[in-house]
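Asker: Make a model of this:
(one chain, ligands or ions: 1)
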Amino acid sequence: MREVMDDILHTQCDYDPASGESYDFDSDFNIHAGPVDTAFILDHLSYKSPYSDQLLVEELSLKISQGTHLLVVGNTGTGKTSLLRVLNRLWEAHSGFVQMTTCFGPRGTLFLPQKPYLTDGTLREQVIYPLKDIYPVSGSVDDDRIIQFLELAGVSSLLKRTGGLDENVDWNWYDVLSPGEMQRLCFARLFYLQPKYAVLDEATSALTEEAEAQLYKTCKQLGMTLISLGHRSSLEKYHDVQLKLCGGGRWELTQLKGGSSSSSSLNHKDETM
Ligand SMILES: Nc1ncnc2c1ncn2[C@@H]1O[C@H](COP(=O)(O)OP(=O)(O)OP(=O)(O)O)[C@@H](O)[C@H]1O
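Answerer: Residues are numbered from 1 along each chain as shown. The predicted structure follows:
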């Protein structure tokens with residue numbers, strides 16, 4: 001696992017944490033040849049699960065550009081999360097072209113998965129994850145930022161429960177936090193890391209629509225371009241374009257703000273095809 005992660009860092013970010021060199025947080029992660037404002041390019045992409053012959057999506061063409069927020073919807077099992085697996089190369093595409101032109105990580109693309117990932121460390125380590133090893137001296141200079149982002153995410157009460165940012169806790173975070181608190185803590189992490197692109201897979205499913213509104217507002221204020229997967233219609237208002245996976249390989253793209261699907265400049269495939 002470690003070797004694979006090191007390989008990814010070398011090939012995608014040109015950065016070796018073991019080199020002793022400092023990490024340039026302000027550098028542009030876009031070292032590949034794609035356009036600077038594009039994160040993902042999909043061209044006639046078809047994909048399926050590796051254990052099935054049934055295509056989930058056929059011939060999908062789409063570019064995900066900075067500033068255009070994309071919502072991916074569809075019934076259970078239509079392939080929303082699988083699209084992410086193909087985008088981040090966990091699964092091979094069946095055919096067509098897919099390219100991720102930014103790197104994973106801060107200033108690149110970060111994924112908030114359906115099941116929140118928590119470390120077994122301190123509150124600070126939860127928020128700065130996965131930078132602990134890369135940026136071991138986040139220290140007191142970062143305290144104000146971390147506290148501000150915990151507040152914005154609605155989980156500043158955790159400071160009291162833990163006894164402070166750096167107190168070791170004797171509990172398992174998964175056992176004591178509610179699903180909503182876990183999701184909020186992951187947003188505090190997102191606010192801290194401030195990637196260019198945030199991929200949110202049902203990331204607000206355990207929260208109220210009011211809480212969802214606050215978290216989306218903050219993401220946008222921090223300049224993130226959002227790619228959300230979800231079922232709730234309340235999500236539509238935070239996005240510009242909707243990709244609906246219809247099952248059986250079919251899909252639809254719709255402009256959400258003042259446009260219709262068929263007149264869109266985006267590629268559109270007839271549902272009946
Ligand atoms: N690791 C896996 N191995 C085999 N099949 C898988 C795997 N992951 C997903 N699938 C199958 O691929 C199909 C698409 O799954 P996916 O998780 O993309 O659905 P989804 O649209 O995200 O659904 P939901 O709304 O429930 O999250 C499903 O039939 C699922 O059972």
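Asker: Quick one: the strands in the stretch 151-273 of the chain, in order.
Answerer: With DSSP state E, counting those that start in this stretch, the ranges of strands along the stretch 151-273 of the chain come out as 197-201, 225-229, 241-247, 250-255.
Asker: in the stretch 151-273 of the chain, what spans have low per-residue confidence?
Answerer: With pLDDT under 70 as the threshold, the stretch 151-273 of the chain has low-confidence stretches at 258-273.
Asker: Tell me where it has helices.
Answerer: Using DSSP state H, counting those that start in this stretch, the helices assigned to the stretch 151-273 of the chain run over residues 157-162, 173-176, 179-193, 209-221.
Asker: Now render those helices as a markdown table, adding distance to Glu202 and mean neighbour count.
Answerer: Bear in mind the C-beta positions are built from the backbone N, C-alpha and C, glycine included. Written out in a markdown table, the entries for the helices of the stretch 151-273 of the chain read as follows (distance: least, CB to CB, whole Å; neighbours: other CB atoms under 10 Å):
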| stretch | distance to Glu202 | mean neighbour count |
| --- | --- | --- |
| helix 157-162 | 22 | 15 |
| helix 173-176 | 17 | 12 |
| helix 179-193 | 9 | 23 |
| helix 209-221 | 11 | 16 |
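Asker: Make JSON lines from these and add distance to Glu151 to it.
Answerer: Formatted as JSON lines, these follow (distance: least, CB to CB, whole Å):
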{"stretch": "helix 157-162", "distance to Glu151": "9"}
{"stretch": "helix 173-176", "distance to Glu151": "19"}
{"stretch": "helix 179-193", "distance to Glu151": "9"}
{"stretch": "helix 209-221", "distance to Glu151": "10"}
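Asker: follow-up on the earlier one: among the strands of the stretch 151-273 of the chain, which is nearest Asp142?
Answerer: Minimum separation from Asp142 across those (CB to CB) falls at strand 197-201, 20.1 Å.
Asker: got a list of contacts for the closest one?
Answerer: Outside strand 197-201, the residues within contact range by CB atoms under 8 Å, 6 or more residues apart in numbering are 39, 64, 66, 80-81, 84, 87, 102, 108-114, 190, 219, 224-230.
Asker: Can you mark which positions in that strand are buried?
Answerer: Tyr197, Ala198, Val199, Leu200, Asp201 (16 or more other CB atoms under 10 Å).
Asker: Likewise for stretch 105-112?
Answerer: Neighbour-count burial for stretch 105-112, counted by 16+ other CB under 10 Å, picks out Gly105, Pro106, Arg107, Gly108, Thr109, Leu110, Phe111, Leu112.
Asker: Same question for stretch 75-90.
Answerer: Residues of stretch 75-90 classed as buried by neighbour count (16+ other CB under 10 Å): Thr78, Gly79, Lys80, Ser82, Leu83, Leu84, Val86, Leu87, Asn88.
Asker: CA atoms of it as PDB?
Answerer: Only the C-alpha atoms of stretch 75-90 are listed here, as PDB (Å, rounded to 0.1, in the frame of the first residue of the first chain):
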ATOM      1  CA  ASN A  75     -31.200   5.500  -8.500                       C
ATOM      2  CA  THR A  76     -29.400   3.100  -6.200                       C
ATOM      3  CA  GLY A  77     -26.900   1.000  -8.100                       C
ATOM      4  CA  THR A  78     -26.900   3.000 -11.300                       C
ATOM      5  CA  GLY A  79     -23.100   3.700 -11.000                       C
ATOM      6  CA  LYS A  80     -22.600   7.000  -9.300                       C
ATOM      7  CA  THR A  81     -19.900   5.900  -6.900                       C
ATOM      8  CA  SER A  82     -18.500   3.600  -9.600                       C
ATOM      9  CA  LEU A  83     -17.900   6.700 -11.700                       C
ATOM     10  CA  LEU A  84     -15.600   8.000  -9.000                       C
ATOM     11  CA  ARG A  85     -13.800   4.600  -8.900                       C
ATOM     12  CA  VAL A  86     -13.200   5.000 -12.700                       C
ATOM     13  CA  LEU A  87     -12.100   8.700 -12.300                       C
ATOM     14  CA  ASN A  88      -9.600   7.800  -9.700                       C
ATOM     15  CA  ARG A  89      -8.400   4.700 -11.500                       C
ATOM     16  CA  LEU A  90      -9.500   2.200  -9.000                       C
END
